[in-house]
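> Prediction below, plus the sequence it came from.
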Amino acid sequence: MIPPMRALAILLIAVAAVAALLIHGREQTWQLVFGPSDLGAVDFRVLQRSAWPNDALACPRDFCPKSAADIVPPVYAVTADELDAALHAAVTLEPLIDRVDTAPAKHASRYVQRSPLMRFPDTISVRTIDLGPRRSTLALYSRSKIGYSDLGANKARLERWIALLDTLPKAK
């Protein structure tokens, strides 16, 4: 049996959490408690993945030498600029997504996408990679801001985003 004072403390914390969600809204409450939604840019060359199971990486074998990729993306028979434009056009149709990089670098972008119910924010870093004349690929890193495990949501997102590019020709 839980001691009465501990039960009261748990109840008060739960009431405060519900009140915060109702007063501020889900997205603002997460920002108040956990800080900004955007986890910032990553450098794929030195990226070291989280020790927690709440991220996913799609990366060519040699581009992310310090991290094991969950997915090796295909090589496309388009320029890196064309791949970048196609990916941006496709992912902006995703629900609850915002592009958050304030000074977009060539071939690099960053998005925050929120979960449908609780609006938990995930940051997705994108880098399109020029492999020569009309050959390119990409690196994607999706990571959760909140929680220990994402139950596979980040990997599923990367698989879905790569599938959105299936209309592009693949390089041989």
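Structure received.
> Could you check stretch 42-51 and say which residues are buried?
42, 44, 47, 49 (16 or more other Cβ atoms under 10 Å). Heads up, the C-betas are built off the backbone N, CA and C, glycines and all.
> Next: stretch 127-135.
In stretch 127-135, counting by 16+ other Cβ under 10 Å, buried: 127-130, 135.
> about what we covered before: quick check: the two most widely separated of the buried residues of stretch 42-51?
F44 and R49 (11.2 Å; Cβ to Cβ).
> separation between D166 and R119?
Noted for D166: a distance of 29 Å to R119, by Cβ to Cβ, to the nearest Å.
> Next, the contact list for G147, please.
Taking Cβ atoms under 8 Å, 6 or more residues apart in numbering, we find G147 in contact with 54, 120.
> any idea which element it lies in?
For G147, there is no enclosing helix or strand under DSSP states H and E.
> next one: I13
I13 belongs to helix 4-24, assigned by DSSP H and E.
> between the buried residues of stretch 127-135, which is closest to V72?
The closest of these, once distances to V72 are taken by Cβ to Cβ, is I129, at 12.4 Å.
> partners of that closest one in the sheet?
T137 (DSSP bridges).
> now it: how far from S50?
23 Å.
> Please apply the same query to D84.
Taking Cβ to Cβ, one finds D84 at 26 Å from S50.
> What of V72?
V72 sits 20 Å away from S50, going by Cβ to Cβ.
> Then D43?
15 Å.
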